[in-house]
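**Q** Sequence and predicted structure are below.
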Amino acid sequence: MNITPKTVYRELHAALDPLMKQHGFSNIKTDLGFPGWTRQSRPPSHSSVWFQCDKWGWDENWGSKFTLEFEEAPAPFTPTAQNKRERIGYLLEGFAELDELRIRNNSVIERLPGTLNGSLVTVPCDDGSEIVVTGERIDTGKAVYGRDIWLNYYSVEDVRAWASYFTGNLLRFIDIFESGMKNQEGKARERFNQMMSAVQRTNSLTEKANILARFIGSETDATFKANAATWQDALHNKIQRPA
C-alpha cells in the first residue's frame with residue numbers, strides 16, 4: 001500500500017496540468033520529478049508553482065505529506081537574493097482558505113492508523129506545550145497566522161481528493177501570490193519582519209531594545225506585539241546578565 005512520491009506526483013499532474021496549460025503555464029522540467037508549472041508574469045520574471053513530498057517517505061502508521069511552494073524569479077529555481085518565494089502556509093496567512101486547509105487536513109489525520117491505534121508520541125516543553133516526535137496530531141486551533149503547512153495523505157484516494165481541491169483553488173492562490181495580496185495579518189507580519197531586520201542590522205543592544213520598544217508601542221496586532229515582547233524580554237536578560 002506504500003504510496004510513493006512518484007504516485008503522488010502523477011496524480012497531481014494528471015488533475016492539474018490541463019488547468020495550468022489553459023492559463024498559460026508550462027511544465028517545469030526537473031530531475032526531482034515533482035509536478036510544477038511556470039509562466040512569465042512581470043517581465044523578466046516568471047511565476048512558478050510546484051508540489052513537493054516529504055523527504056522521509058510513506059509510513060504504514062502515518063502515511064506521508066506534501067506541501068506547495070510559489071516562486072517569482074528570472075527562471076524557475078534560479079537562486080538569487082531577489083527571488084520572491086512562499087509556501088502555502090504563509091501565503092494564505094489570514095485568509096479563510098488557511099483554516100479550510102487545516103480542517104481538510106484534520107479529516108485525513110483523524111483516519112490515519114497511527115491516530116486510531118494511539119501511536120502518537122510527544123514530549124513536553126518548559127512552557128507547557130508539547131512537541132510531536134512521532135506521528136501527526138490533529139490541529140484544534142483555528143488557523144489564522146502563517147505556518148509551514150504540510151498536507152497529509154495515506155491513500156491514492158487522499159491524493160485525488162487534494163488534487164480535486166487544488167483544481168478548484170490553485171488559480172486563486174496563484175493570484176494571491178502574483179498580486180502580493182495581503183490582509184491585516186499579512187501586513188502585520190511584514191511590519192514585524194521589517195522591525196526584526198532593523199534589529200538585526202544594528203550591533204547596539206540599546207538600539208535593538210529601542211526598536212523593539214517602539215514597535216511594541218505602536219503595533220496593533222496582538223500576536224506580533226507578543227512576539228516582539230518575547231524578543232524584548234530575551235534582549236533585556238542579555239543586557240542585564242553580568243559579564
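**A** Received it, and whenever you're ready, just let me know what you need.
**Q** roughly how far apart are the residue lying closest to Ser164 once chain neighbours are set aside and Lys84?
**A** Nearest non-adjacent residue to Ser164, counting by CB to CB, 6 or more residues apart in numbering: Ala15, 6.8 Å away. C-beta here means a position set from N, CA and C on the backbone, and glycine is covered the same way. Distance check for Ala15 against Lys84: by CB to CB, to the nearest Å, it reads 26 Å.
**Q** So between these two, which is more surrounded?
**A** Ala15 (19 against 13; other CB atoms under 10 Å).
**Q** Does that one touch Ala161 like I think?
**A** No. Ala15 is beyond contact range of Ala161, at 10.3 Å (criterion: CB atoms under 8 Å).
**Q** who touches both of the two?
**A** Listed contacts common to Ala15 and Ala161 are nil; contacts here mean CB atoms under 8 Å, 6 or more residues apart in numbering.
**Q** Tell me where the protein has strands.
**A** Remark: strands assigned in the chain by DSSP state E are 26-27, 36-40, 46-53, 64-73, 84-87, 121-124, 130-134, 151-153.
**Q** Contact partners for the residue nearest to Arg42 when sequence neighbours are not counted?
**A** Using CB to CB, 6+ apart and skipping residues adjacent in sequence, the residue nearest Arg42 is Glu72, 7.9 Å away. Residues near Glu72 by CB under 8 Å, 6+ apart: Ser41, Arg42, Ser45, His46, Ser47, Ser48, Asn83, Lys84, Arg85, Phe177, Glu178.
**Q** Nearest to Lys187, out of the strands of the chain?
**A** strand 84-87 (14.7 Å; CB to CB).
**Q** Sheet partners, orientation included, of the closest one?
**A** Applying DSSP bridges, strand 84-87 is found paired with strand 64-73 (antiparallel).
**Q** What's the biggest helix in this protein, counting residues?
**A** helix 156-179 (DSSP state H).
**Q** buried set for that helix?
**A** Asp158, Val159, Trp162, Ala163, Tyr165, Phe166, Leu170, Phe173, Ile174, Ile176, Phe177, Glu178 (16 or more other CB atoms under 10 Å).
**Q** Considering these, which is situated nearest to Asp59?
**A** Checking these one by one against Asp59 (CB to CB), the nearest turns out to be Asp158, at 13.8 Å.
**Q** ok, residues contacting stretch 208-221?
**A** 184-185, 188, 191-192, 195, 198-199, 202, 225, 228-229, 231-232, 235-236, 239.
**Q** show me where the chain has helices.
**A** 5-22, 88-91, 96-109, 113-116, 156-179, 184-201, 205-218, 222-240.
**Q** which of the contacts of Glu72 sit farthest apart?
**A** Top of the distance list for the contacts of Glu72 (CB to CB): Arg42 and Arg85, 15.4 Å.
**Q** Go ahead and confirm Arg137 touches Thr122.
**A** Yes. Proximity of Arg137 to Thr122 meets the contact threshold set by CB under 8 Å, at 7.3 Å.
**Q** what bits of the protein have low per-residue confidence?
**A** Applying pLDDT under 70 to the chain picks out residues 78-82, 241-243.
**Q** let's see 80
**A** For the chain, applying pLDDT under 80 flags the ranges 1, 30-32, 41-44, 75-83, 126-129, 238-243.
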